[in-house]
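J.: Kindly return the folded structure for what I paste below:
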Amino acid sequence: LESSLFSREVSVDKVDDGSCGGFRTMMAMAMAKPTKAAKTKGGKAAGKEGARVLMKRLAEGAREAKRQAKEATTRNVPEEEELQWTREAAWLKSQLDSEEDVESIVEVGRMLANAVVVSEPEGTEDMQEEVAQESTTIEWPNPGEVFWTRPPRTRKPKRGKGIPPKDGSPLHIVHIAAEMAPLAKVGGLGDVVTGLAKACEVRGHQAEVVLPYYECIKEDQVEDLRHVMDYDVPKGTMWDGQMRVEGLKTSLYEGIVEGVKVLFLRPDWNCTNLFRGQQIYGGSYNELEAYLYFCRASLEMLKVTGRQPDILHLHEWQCAAAAMLYWEVYHLEGLWKARVMLTIHNLANSGDCRPEEMIAMGLDAERFRTIDKALDERTIGHNPERLSLLKGGIVYSSAVTTVSPTYRRESLESGAAGWLQSSLLKHQDKYHGLLNGIDNVVWDPADDPFIPVNYTPTSAVEAKAACKKYVQRGLGLAEDPDRPLVCCITRLVPQKGIHLIRHAIWRTIEQGGQFVLLGSGHADGDFRAMAEGELKNHSHAKLLVMYSEQLSHYLYAASDCFLVPSMFEPCGLTQMVAMKYGSLPIVRRTGGLADTVIDVDQDPKNGNGYVFDGADEGSLDQALDRALNGYRNQRDTWSEKVKQVMDINNSWDNSAQSYIGLYRSLLT
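T.: I've put the predicted structure just below:
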């Protein structure tokens with residue numbers, strides 16, 4: 001024992017695989033000849049850490065002996081072993097807690113800590129044991145099984161998160177939005193509304209979300225759903241060429257979604273079909289009419305319930321008309337306190353409408369039909385002239401935000417805003433680019449119930465290999481750990497660069513990798529044909545033309561690289577989630593992708609992915625090929641990058657601080 005200890009070649013395994021009583025022997029030896037090194041500050045720190053490592057290993061030994069005892073036909077020997085391990089752990093803990101003979105204990109711990117560092121990379125042993133233990137609970141899928149509809153293992157992780165500090169002077173923030181994840185989610189808008197509201201709530205603010213009561217929502221996803229009241233909402237219609245305003249009975253419901261209070265507004269479905277149907281958008285009703293009514297119903301609800309929020313936070317063109325209504329009507333009728341913020345998530349839709357359509361919110365459109373308010377200047381002199389709800393929201397809001405600094409710049413300088421560029425330039429002093437965040441509770445590989453093995457940065461390489469094997473087996477791909485797995489989770493629409501996705505599938509296979517696509521959209525026809533044709537039952541590609549939130553968790557955890565080749569991307573969340581799960585993103589430099597991904601070859605120290613600029617296949621190839629080669633030929637560097645990207649903080653807690661700062665600036 002003395003020889004192995006002082007030769008500094010001992011590892012933790014070599015120590016505790018021997019006689020348990022040997023630990024006391026080593027302590028006694030150290031007590032007999034303490035050294036000067038133990039008295040240094042650094043020596044004490046390393047020594048205590050080493051001693052605590054021993055204590056942890058002893059406790060683990062006791063638990064393992066107990067487990068073996070349960071499985072054994074006779075308990076005599078295992079019980080004795082368990083008692084021996086437990087005594088040693090208790091003795092060491094008592095010595096550490098009491099600080100008796102601390103210099104001697106510190107010294108032996110320091111030597112053991114040094115020995116572990118010499119014999120194995122830091123954390124390797126615990127990491128491998130952790131992954132091995134997790135792997136024993138995996139229920140491996142059968143090829144072709146829809147495995148993502150069941151738990152991947154017999155044990156679910158425990159959820160427990162650190163709580164950020166509370167802010168002083170809490171604000172009352174009311175979000176008015178068309179989407180909220182997971183209840184009513186079509187794209188990133190729903191994630192943003194939920195993530196920001198939750199983050200503000202956690203920081204001590206009162207956040208509420210006003211949402212249409214879509215017929216298709218799953219009521220079992222809402223906690224404590226209850227009917228609160230009925231009230232009338234002024235709604236305009238055309239009758240015999242004249243505008244007529246009548247009250248539409250509306251029901252207010254309350255419930256909790258993801259820890260946030262949600263106020264659901266449902267029109268009387270005996271009188272209208274607004275918000276009826278089996279999907280969020282694309283029902284049998286007129287969406288423009290529906291959201292104009294919803295804006296009016298939201299503000300009327302605030303008035304009749306006596307709410308006086310500090311901030312009205314409106315989202316996207318669907319809710320932009322609420323800014324016009326607030327200042328033209330409700331601010332004069334008692335909603336005196338609030339300031340209005342509009343967030344533009346995507347400038348692709350400006351909410352165009354004809355004057356006669358705008359009367360659905362119960363007001364004559366003439367008061368907004370000027371170039372300095374909501375008139376679409378492209379239609380001046382046309383018959384009829386048109387209005388833009390998004391332009392009206394920009395003009396009437398106290399502040400306007402978009403979802404990344406680069407998208408703000410592109411909208412002001414590069415034509416991303418189209419004809420609305422002039423309005424944004426006119427109001428650029430109140431126009432801000434605030435980067436979105438991701439929900440670190442929903443997206444946390446260390447505590448994710450949907451993935452086969454949980455992991456942290458220190459255990460990511462081994463754990464991701466297990467997750468990759470799981471997905472390869474479940475999707476019928478070749479189980480080859482050396483083939484880089486590229487995943488893409490996206491809506492299949494032109495904005496997302498579908499021509500580049502199509503090319504990347506074949507390029508990845510050609511370069512010796514594997515490709516998995518998860519997504520659907522109005523431009524998914526080619527991908528459906530490929531999935532049922534040439535790529536059906538392919539060993540290295542799987543196209544899943546659908547969407548599943550559960551399956552997306554598996555793919556983030558299994559992937560080595562994550563493709564986001566968008567033509568434009570206001571912010572993008574998938575690249576942030578991918579990095580959280582240790583997958584290196586391959587992105588086109590635009591919008592929020594440019595703000596969150598740095599090319600590893602241009603900046604080796606801070607790089608966290610692979611970036612290209614063009615919209616052509618050749619530009620994509622140079623980034624994709626570099627990523628595939630990096631995985632195959634620079635595995636040590638790759639492993640370090642995996643750990644590095646997982647440590648990047650893209651959480652909503654960071655983003656929420658920026659929003660809260662802007663909220664407060666509007667109130668001063």
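
J.: Are there helices or strands packed against the helix or strand harbouring Lys469, and which ones?
T.: Using DSSP states H and E, Lys469 sits within helix 460-475. Counting contacts by 3 or more CB pairs under 8 Å, 6 or more residues apart in numbering; DSSP states H and E, helix 460-475 is packed against helix 124-135, strand 485-489, strand 514-518, helix 549-558, helix 635-646. From N, CA and C alone the C-beta is placed, and that goes for glycine too.

J.: Please enumerate the helices of the stretch 351-500 of the chain.
T.: Here the stretch 351-500 of the chain has its helices, by DSSP state H, counting those that start in this stretch, at 355-358, 389-396, 405-413, 421-426, 460-475, 498-510.

J.: Most tightly packed of the ones you listed?
T.: helix 389-396 (a mean of 26; mean count of other CB atoms under 10 Å).

J.: Return the set of buried residues in whichever strand or helix holds Gly661.
T.: Following DSSP H and E, one finds Gly661 within helix 652-667. With burial defined by 16 or more other CB atoms under 10 Å, the residues of helix 652-667 counted as buried are Trp652, Asp653, Ser655, Ala656, Gln657, Tyr659, Ile660, Leu662, Tyr663, Leu666.

J.: The nearest residue to Lys261 once chain neighbours are set aside: neighbouring residues, count only.
T.: Nearest non-adjacent residue to Lys261, counting by CB to CB, 6 or more residues apart in numbering: Glu208, 4.9 Å away. By the other CB atoms under 10 Å criterion, the neighbourhood of Glu208 contains 20 residues.

J.: distance of Glu208 from Met358?
T.: Separation of Glu208 from Met358 (CB to CB, to the nearest Å) stands at 27 Å.

J.: now Arg226
T.: 34 Å.

J.: and what of Ile311?
T.: Counting by CB to CB - Ile311 and Met358 are separated by 25 Å.

J.: returning to that earlier point: for the record, mean pLDDT for the helix holding Lys469?
T.: Summarised as a single mean, pLDDT over helix 460-475 is 96.

J.: before we move on, what about stretch 253-270?
T.: Per-residue scores along stretch 253-270 average to 97.

J.: got it, and stretch 366-379?
T.: On average, stretch 366-379 scores 94.

J.: quick one: it to chain centroid distance?
T.: 38 Å (CA atoms, centre = their mean, to the nearest Å).

J.: contact partners of that stretch?
T.: 324, 328, 350, 352, 355, 358, 380, 385-389, 391-392, 395-396, 419, 422 (CB atoms under 8 Å, 6 or more residues apart in numbering).

J.: Verify the stated contact: Ser388 with Arg354.
T.: No. Ser388 lies out of contact with Arg354 (CB atoms under 8 Å); the separation is 11.3 Å.

J.: Quick check: mean pLDDT of stretch 152-165?
T.: Stretch 152-165 carries an average pLDDT of 65.

J.: Just the terminal-to-terminal distance for that stretch.
T.: Stretch 152-165 has its terminal residues 34 Å apart, counting by CA to CA, to the nearest Å.

J.: Tabulate the helices and strands packed on helix 460-475 in a markdown table, adding columns for mean neighbour count, distance to Asn142 and mean pLDDT.
T.: Listed next are the helices and strands packed on helix 460-475 as a markdown table, based on neighbours: other CB atoms under 10 Å; distance: least, CB to CB, whole Å; pLDDT from 0 to 100:
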| stretch | mean neighbour count | distance to Asn142 | mean pLDDT |
| --- | --- | --- | --- |
| helix 124-135 | 16 | 18 | 59 |
| strand 485-489 | 26 | 20 | 98 |
| strand 514-518 | 25 | 18 | 98 |
| helix 549-558 | 23 | 15 | 96 |
| helix 635-646 | 16 | 29 | 96 |
